[in-house]
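Visitor: This is a predicted model, with the sequence first.
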Amino acid sequence: MDFFLPDAISRRPVRTENDPSPLTPASPSTPSSTATTVPDSALQPDHFSYPESVATGQRHPDPWPNRVNILFSGANRDGRAQLNLEKECRAIESACQKVFGLKWTDHVCIRPIFFSRFSELVENLNSWSTTILHFACHGEEECLEFFDDIAGKDDLTRKISATSGSTSPDRVRMVVLNACFSDSLAESLANHVDFVIGHHGPVKDATAINFSSNLYSCIAKGMSLHSSFEATWVPAYTLRGQADPTMISFMNHMLHKTAHTSAVGGWCPMVRGALAKQAVIVGVAPDDHTRYQQREQYEEKVELWLQITEAGTLVMTGLPGSGKTTLAKTIASKAARAYHRELVIFLRSSTMMEDNVSVAKKLAKMVNSDANASDFAAMSEEELKHFVHSCLSDELRERWFCVIDDAPNPENEVESASIEHIRAFPFGYGSTLITSRFPEWAEDRGGTDDCMEVGSFSTSEACSWVMRGMGSQWKNVQEQVVEMVSALQLFPLAIEQSVAYCRENLVSTPRDFLRKMKEAPMWELKPKEKRNRRNEYHESFEQ
């Protein structure tokens, strides 16, 4: 029987469906002396804790079995908010089915227990070769609640460690504690289990289900546990353990980060992390994001999409001046390092054929082709396009990321040549981001659900951009800055041009600028001097 409950239901036993108190995460607990934070600037701080030997790269996990057995231990107690255990279990099954198809049970076996007792858990651990132990229940700092009993941290640690402390390949390799306040137990288990996921505070039922679905979707696709956790990271979830999560994948053994894996012919999806240093970038500078105002809500969506999508298309739409191109350039410039792509391409829709020459030269070196620059110069447009598309679809499939910027209206006959070039692109073999003013591209690409609209800045983003642009010229005028960005409706292009005007004309305060804006039409407020990096904005401003 399924129970579909409101999102506000928490996995903390003291809460009920009618409890109106907010769910605020508890402060992170202090790691034990045997744990340390992994020194990786790309990670959220204080959420990845491992023994010292792991942080220094001394502990590599053993290979996992070819078929992963997941013991799903779920429990609801009378008088407590009922958790949707079957929905969470189905979400894990669905994540595996989407990756492996009809034969998914050849790779993953899930044994669900929806009315789990502690004694029943111990019996299953002793009789079944469990690879991943997944808990879905209510929890407190020192215990987990089962169907008709409660197990303390010490009892749980003792019983689980008995099946994970050996060197047998059938031992428990990972424990997922999808319950409130389970990080204390995770910290205890981390001394005995390779990997443990816990939670610092209360967690909503819907949040826990989504976390499970996304986590298993990522790791089933062959991403390392580290990348999978990072891609699905939710505040207060923690990853602990004895082994290095960057060196293990869910489905296929240890990640060997050795030099030969960077060769084109020797690549496999389990070693992406080793390829970032050899990545080739075409059409965008690696530091194109250095003057960029971070836009978290959009970046997070694209990052998650890139982490869980090896071959697909994302359409990014928005008004002119909303920042689509700048956002796309930033993502492209970081793609090799952050998203582990071997080839990153930035193409402008209006010059795709001309840009193909540069792309073809890079591809020729990557695939060890005999073709040289003179050969490409002599090729027809069709031959050049065929060479580029063949390399992307046959040689580098799933290892590249491409941005096609400023795609025209797909229904515009005047732009038919450019549109046909875009439509002929090998979308199904890598990750492609299309930016356009026209949301019709989502439908043109087969009605994909992967479509996002870029809008205005948030107030904090807009104020941050203004203060960073004006520097020491404006001090202690935060309230005036809020007035200014609000008057500009938080629109990125308007704010960018206004900051350029204020900086070049030494405007004393934001209110002084607002006064000038009321006295003169916007198009008369031009900077005295254009700057190459922003010519496109200034030219638009003068129209």
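Guide: Nice, thanks for sending it over.

Visitor: Count the residues that sit near Phe147.
Guide: Burial of Phe147 is recorded as 17 neighbouring residues (other CB atoms under 10 Å). C-betas here are computed from N, CA, C, even on glycine.

Visitor: In contact with it, which residues?
Guide: Ala75, Asn76, Arg77, Phe115, Ser116, Arg117 (CB atoms under 8 Å, 6 or more residues apart in numbering).

Visitor: which residues pair with Ile110 across the strands?
Guide: Note on Ile110: beta-bridge partners Ile70, judged by DSSP bridges.

Visitor: would Leu133 count as being in a helix?
Guide: No. Leu133 is assigned strand when assessed by DSSP: H, G, I helix; E, B strand; the rest coil, not a helix.

Visitor: For it, give me the pLDDT.
Guide: Looking at Leu133, its pLDDT stands at 96.

Visitor: secondary structure class for the residue nearest to it when sequence neighbours are not counted?
Guide: Leaving aside its sequence neighbours, Leu133 sits nearest to Val175 (CB to CB, 6 or more residues apart in numbering; 4.7 Å). For Val175, the assignment made with three-state DSSP gives strand.

Visitor: start at 28 instead
Guide: With the count now opening at 28, the last piece we talked about shows up as Val202.

Visitor: give me the number of residues near Leu333?
Guide: With other CB under 10 Å as criterion, Leu333 counts 22.

Visitor: And Asn436, by the same measure?
Guide: Neighbour count for Asn436, taken as other CB under 10 Å: 15.

Visitor: contacting residues for it?
Guide: Going by CB under 8 Å, 6+ apart, Asn436 touches Glu442, Arg464, Phe465, Glu467.

Visitor: try 6 Å this time
Guide: Phe465 (CB atoms under 6 Å, 6 or more residues apart in numbering).

Visitor: distance of Ala338 from Gly457?
Guide: Noted for Ala338: a distance of 6 Å to Gly457, by CB to CB, to the nearest Å.

Visitor: Between those two, tell me which one has more neighbours.
Guide: Set side by side, Ala338 and Gly457 show more neighbours around Gly457, with 25 against 15, by other CB under 10 Å.

Visitor: Would you mind giving the secondary structure of Phe99?
Guide: strand.

Visitor: how much space between Ala514 and Lys248?
Guide: 46 Å.

Visitor: Who has more neighbours out of those two?
Guide: The residue with more neighbours, out of Ala514 and Lys248, is Lys248; 21 against 15, by other CB under 10 Å.

Visitor: Give the closest residue to that one in space, chain neighbours not counted.
Guide: With sequence-adjacent residues excluded and distances taken as CB to CB, 6+ apart, Lys248 is closest to Val126, at 5.5 Å.

Visitor: ok, now His416?
Guide: Pro453 (4.9 Å).

Visitor: what helix or strand is Val199 on?
Guide: When elements are assigned from DSSP states H and E, Val199 belongs to no helix and no strand.

Visitor: can you count the residues close to Cys418?
Guide: 23.

Visitor: Assign it to helix, strand or coil.
Guide: Going by three-state DSSP: Cys418 is helix.

Visitor: Contacts only, for it.
Guide: Neighbours of Cys418 in contact, by CB under 6 Å, 6+ apart: Leu390, Val394.

Visitor: so how far is Trp427 from it?
Guide: Cys418 is 9 Å from Trp427, by CB to CB.

Visitor: same thing with Lys392?
Guide: As judged by CB to CB, Lys392 and Trp427 stand 14 Å apart.

Visitor: Of the two, give the one with the bigger neighbour count.
Guide: Counted by other CB under 10 Å, Lys392 and Trp427 do not tie: Trp427 has more neighbours, with 26 against 11.

Visitor: residue contacts, that one?
Guide: Per CB under 6 Å, 6+ apart, neighbours of Trp427: Arg368, Leu370, Gly457.

Visitor: Try it again at 10 Å.
Guide: 306-307, 338, 362, 368-372, 390, 393, 418-420, 453, 456-459 (CB atoms under 10 Å, 6 or more residues apart in numbering).

Visitor: Please apply the same query to Val504.
Guide: Per CB under 10 Å, 6+ apart, neighbours of Val504: Val493, Met494, Met497, Glu510, Met511, Ser535, Thr536, Pro537, Arg538.

Visitor: and the last one, how many neighbours does it have?
Guide: The one in question is Arg538. Arg538: 15 surrounding residues under other CB under 10 Å.

Visitor: Excluding chain neighbours, what is closest to it?
Guide: Using CB to CB, 6+ apart, the closest residue to Arg538 is Gln507 (5.2 Å).

Visitor: before we move on, what about the fifth one?
Guide: By the measure of CB to CB, 6+ apart, the closest residue to Met511 outside its immediate chain neighbours is Pro537, 3.9 Å from it.

Visitor: what's the answer for Arg450, then?
Guide: Asp471 (7.5 Å).

Visitor: was I right about that neighbour contacting Asn439?
Guide: No. Counting by CB atoms under 10 Å, Asp471 does not reach Asn439; the two are 11.8 Å apart.

Visitor: Now do the shared contacts for these two.
Guide: In contact with both Asp471 and Asn439: Ile446, Phe465, using CB under 10 Å, 6+ apart.
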